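Novice: take a look and give me a structure for this.
(one chain, ligands or ions: 2)
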Amino acid sequence: MIYTVTLNPSIDYHIWLDAWREGEIQQAKKERKVAGGKGINVSKVLGILGMESRALGFAGGFTGAFIRQELEQEGIVHQFIQLEQESRINLKIKAQSETDISGVPPHIPPEALAALSRQLDQLTADDVLVLAGSLPPGVPEHFYQSILKRLGPRGVRVFLDASGKALADSLPERPFLIKPNHHELGELYGVAISTPQEAIIYGKKAWEAGARHVIVSMAGQGAVLVSDHGVYTADIPRQAPVNSIGAGDSVVAGFLYALLQGQEIEEAFRFAIATGSATALSEGFCTREKIGELIPRITITKVEG
Ligand SMILES: Nc1ncnc2c1ncn2[C@@H]1O[C@H](COP(=O)(O)OP(=O)(O)OP(=O)(O)O)[C@@H](O)[C@H]1O
Ligand SMILES: O=P(O)(O)OC[C@@]1(O)O[C@H](CO)[C@@H](O)[C@@H]1O
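Specialist: Ligands and ions are numbered 1, 2, ... in the order given. The predicted model follows:
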């Protein structure tokens with residue numbers, strides 16, 4: 001079974017404005033409220049691809065009830081630990097450019113954390129675990145690292161989408177995949193990364209530090225993959241994004257799906273980037289049709305190894 005963990009899920013409240021004007025009362029043109037958070041998004045995209053997963057994490061209040069209900073409507077099995085405090089609401093404002101405002105997260109009490117750890121302790125070598133997104137208050141910064149330490153030796157493959165210290169500390173525990181974007185990878189090494197060549201240099205450092213596959217996503221510039229099988233770049237068709245929320249999560253889901261389908265690394269990377277781009281070029285998430293359209297338009301080049 002694939003398990004996705006979203007410690008800090010949200011209602012993503014997308015709102016479209018003609019233009020962002022500070023200090024004024026404005027009327028939205030359109031709005032959309034969806035269950036969000038990186039692990040949840042991975043479960044949603046796996047669902048679109050026809051692959052079952054189970055969503056874990058914490059959820060509370062009316063926002064938590066909304067999140068659970070939406071997952072049920074989409075046929076995604078979930079086992080969220082109930083919180084007394086409300087899950088957050090993240091605002092995604094689409095005007096001349098996109099602005100994200102993340103709501104205040106709930107505090108996670110120690111007993112909720114212990115309940116999640118007990119769930120994760122049931123996993124075996126047949127399972128894949130996706131740990132994705134920010135850590136709400138109450139969750140120690142080394143939480144992802146400690147999960148990797150416990151489950152890695154048991155053969156559980158862990159896909160990790162984290163940033164900052166949570167990512168840095170996890171690298172020696174050999175996560176199967178990490179997927180920083182170029183800003184997050186740059187932050188890890190105290191540099192600014194703006195080209196695929198620079199992403200390769202620092203992607204290799206993360207691989208040397210322990211991550212077995214490093215996908216550095218670079219929004220409209222495509223992505224880089226550093227792995228035991230070599231170093232690859234993915235060039236994508238240049239187009240203005242329709243929605244970039246969840247594009248990175250779609251890359252994670254696409255890579256996981258393709259590998260479990262038995263695809264070789266190069267084809268799995270192509271599929272992952274096609275899935276990310278299909279989401280970036282759609283209003284909601286990708287569709288299988290859009291992914292199929294994009295696959296032949298993605299150029300994968302083996303640059304080393
Ligand atoms: N303008 C675009 N055109 C085509 N594909 C895009 C565009 N923007 C993003 N993508 C696709 O989405 C992938 C992930 O994008 P990005 O690097 O923005 O991820 P991210 O920052 O993790 O996103 P998020 O956190 O919002 O999910 C890219 O590797 C690319 O395949
Ligand atoms: O604050 P985090 O946990 O890092 O990211 C949360 C979030 O921005 O990520 C998803 C897109 O990747 C959204 O659904 C959600 O609102």
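Novice: the helices in the chain, which residues?
Specialist: For the chain, helices defined by DSSP state H occupy the ranges 38-48, 61-73, 110-120, 143-151, 164-170, 182-189, 196-208, 247-260, 265-280, 288-294.
Novice: generate CSV for these, with mean neighbour count as supplementary columns.
Specialist: (C-beta placed from N, C-alpha, C; glycine too.) As requested, the helices of the chain are arranged in CSV below (neighbours: other C-beta atoms under 10 Å):
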stretch, mean neighbour count
helix 38-48, 26
helix 61-73, 17
helix 110-120, 14
helix 143-151, 20
helix 164-170, 19
helix 182-189, 19
helix 196-208, 19
helix 247-260, 26
helix 265-280, 26
helix 288-294, 16
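Novice: right, and those helices - which one's nearest ligand 1?
Specialist: helix 247-260 (2.0 Å; C-beta to the nearest ligand atom).
Novice: how about the closest one and ligand 1, touching?
Specialist: Yes - counting by C-beta under 6 Å from any ligand atom, contacts between helix 247-260 and ligand 1 involve 247-249, 251.
Novice: returning to that earlier point: just put the helices of the chain in CSV and tack on distance to Ile81 and mean pLDDT.
Specialist: CSV is the format used below for those (distance: least, C-beta to C-beta, whole Å; pLDDT from 0 to 100):
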stretch, distance to Ile81, mean pLDDT
helix 38-48, 13, 98
helix 61-73, 10, 98
helix 110-120, 5, 98
helix 143-151, 14, 97
helix 164-170, 19, 97
helix 182-189, 27, 97
helix 196-208, 31, 98
helix 247-260, 21, 98
helix 265-280, 28, 97
helix 288-294, 32, 97
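Novice: in a markdown table: those helices, plus distance to ligand 2.
Specialist: Shown next, in a markdown table, are these (distance: least, C-beta to the nearest ligand atom, whole Å):
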| stretch | distance to ligand 2 |
| --- | --- |
| helix 38-48 | 5 |
| helix 61-73 | 11 |
| helix 110-120 | 16 |
| helix 143-151 | 12 |
| helix 164-170 | 10 |
| helix 182-189 | 10 |
| helix 196-208 | 18 |
| helix 247-260 | 5 |
| helix 265-280 | 10 |
| helix 288-294 | 18 |
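Novice: would you format those helices as TSV with distance to Gln85 included?
Specialist: Converted to TSV, those look like this (distance: least, C-beta to C-beta, whole Å):
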stretch	distance to Gln85
helix 38-48	18
helix 61-73	6
helix 110-120	10
helix 143-151	18
helix 164-170	21
helix 182-189	27
helix 196-208	34
helix 247-260	24
helix 265-280	30
helix 288-294	37
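Novice: from the chain's centroid, how far away is stretch 194-202?
Specialist: Centroid separation for stretch 194-202 versus its chain: 20 Å, with C-alpha atoms, centre = their mean, to the nearest Å.
Novice: just the CA trace of that stretch, in PDB.
Specialist: This file holds the C-alpha atoms of stretch 194-202, laid out as PDB (Å, rounded to 0.1, in the frame of the first residue of the first chain):
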ATOM      1  CA  SER A 194      18.800  29.600 -11.400                       C
ATOM      2  CA  THR A 195      20.000  27.200 -14.100                       C
ATOM      3  CA  PRO A 196      19.800  23.400 -14.600                       C
ATOM      4  CA  GLN A 197      23.600  23.300 -14.500                       C
ATOM      5  CA  GLU A 198      23.600  24.800 -11.000                       C
ATOM      6  CA  ALA A 199      20.700  22.500 -10.000                       C
ATOM      7  CA  ILE A 200      22.900  19.500 -11.000                       C
ATOM      8  CA  ILE A 201      25.800  20.700  -8.900                       C
ATOM      9  CA  TYR A 202      23.700  21.000  -5.700                       C
END
